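Q: model the structure of this input:
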Amino acid sequence: MTNKEFINQLEAGNEALFQASEMQVEAFFNSKPTKEALVEHFSGRCANEYMNMVEVAQRLLEIAPTGDRKMIKLLARQVLDEAAHFDLVAKVLERITGKVFDVEAMLKNEQQGGGAKGARILEEMDKEDRLALHLYQFIAEGRAARVWQRMSEVCEDEVIASTYAKIAQDEGVHREFGRIGLEQFIANEADKTRALELADQIRYELYKVSCMNCVEVPAARQLCVDTYGPQFLN
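A: Reported below is the predicted structural model:
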């Protein structure tokens, strides 16, 4: 199996997670969430964009001395995108609350633990682990592209919907940055074995985040159990 074929296999393995996450975000918005629930939901998303910005910037600093010009440019682009997303989601919160978004309060909340976020997966990874970074991009950003697009289709607020349609497009680009990195850093069978193990971990953690941030959908959980195994029952 060539590297590209292996990466295509990894991508196919993400589909159940992506479908389950789409089901959960649709259920959340179809539940007609209260203003308070929306503020909590988007506050977590705003913090996640901020964390992604910081974590990817740290990887950029790690990679810069290698002289990998292509990846330096891609990660620099992603840092700017994440910063833009942070601003866009802050504006979503301001639209919901009618108040200026308090960045300092958000950061203080994160220092005290915060809520469930996909970016915590990246935060806990070794900053020099390129395979882990690019798998995270490939899976987490790919999931975000699908989930935010579905949200844009079911959210009744047209401004919020259009905001997330734009963010979804960027996340799809970041997924492709991950693909490029994986093509570079999956070099042998040992790399493939480790990639499969890490992919399973990332999918499981992202599913747990989706459950905590959206609405539990039994069919979504069953889809993941059938595809990935009984650990998704917990």
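
Q: what's the pLDDT at the residue nearest the centre of the chain?
A: With distances taken as Cα atoms, centre = their mean, the residue of the chain nearest its centroid is A140 (3.7 Å). Per-residue pLDDT puts A140 at 97.

Q: next: the one 10 residues further on.
A: In this model, R150 is scored at 97, pLDDT.

Q: ok, and the closest non-adjacent residue to it?
A: E22 (4.3 Å; Cβ to Cβ, 6 or more residues apart in numbering). Every residue, glycine included, has its C-beta placed from N, CA and C.

Q: thinking again about what came up before, how far away is the residue nearest to the residue nearest to the centre of the chain when sequence neighbours are not counted from R146?
A: In space, and not counting its chain neighbours, A140 is closest to G118: 5.0 Å by Cβ to Cβ, 6+ apart. Here G118 is placed at a distance of 13 Å from R146 (Cβ to Cβ, to the nearest Å).

Q: compare these two (neighbour count), which wins?
A: G118 (25 against 21; other Cβ atoms under 10 Å).

Q: show me the contacts for that one.
A: By Cβ atoms under 8 Å, 6 or more residues apart in numbering, the residues touching G118 are 48, 140, 143-144, 205-206, 209.

Q: quick one, grab the pLDDT at M106.
A: What the model reports as pLDDT for M106 is 83.

Q: I'd assumed N48 was in contact with it.
A: No: M106 is beyond contact range of N48, at 10.8 Å (criterion: Cβ atoms under 8 Å).

Q: of these two, which one has the most company?
A: N48 (26 against 19).

Q: pretty sure the more buried one contacts I121?
A: No: using Cβ under 8 Å, N48 is not in contact with I121; the gap is 10.6 Å.

Q: what are the buried residues along the lowest-mean-pLDDT helix or strand in the chain?
A: Sorting the helices and strands of the chain by mean pLDDT, DSSP states H and E puts helix 103-111 at the bottom, at a mean of 81. For helix 103-111, the neighbour count (16 or more other Cβ atoms under 10 Å) marks 106, 110 as buried.

Q: tell me the secondary structure for P33?
A: Put simply, P33 is coil when judged by DSSP: H, G, I helix; E, B strand; the rest coil.

Q: excluding chain neighbours, what is closest to it?
A: In space, P33 is closest to H41, 6.9 Å off (Cβ to Cβ, 6+ apart).

Q: after whichever strand or helix holds that neighbour comes which helix or strand?
A: Using DSSP states H and E, H41 falls within helix 35-63. Proceeding N to C from helix 35-63, the next assigned helix or strand is helix 69-97, under DSSP H and E.
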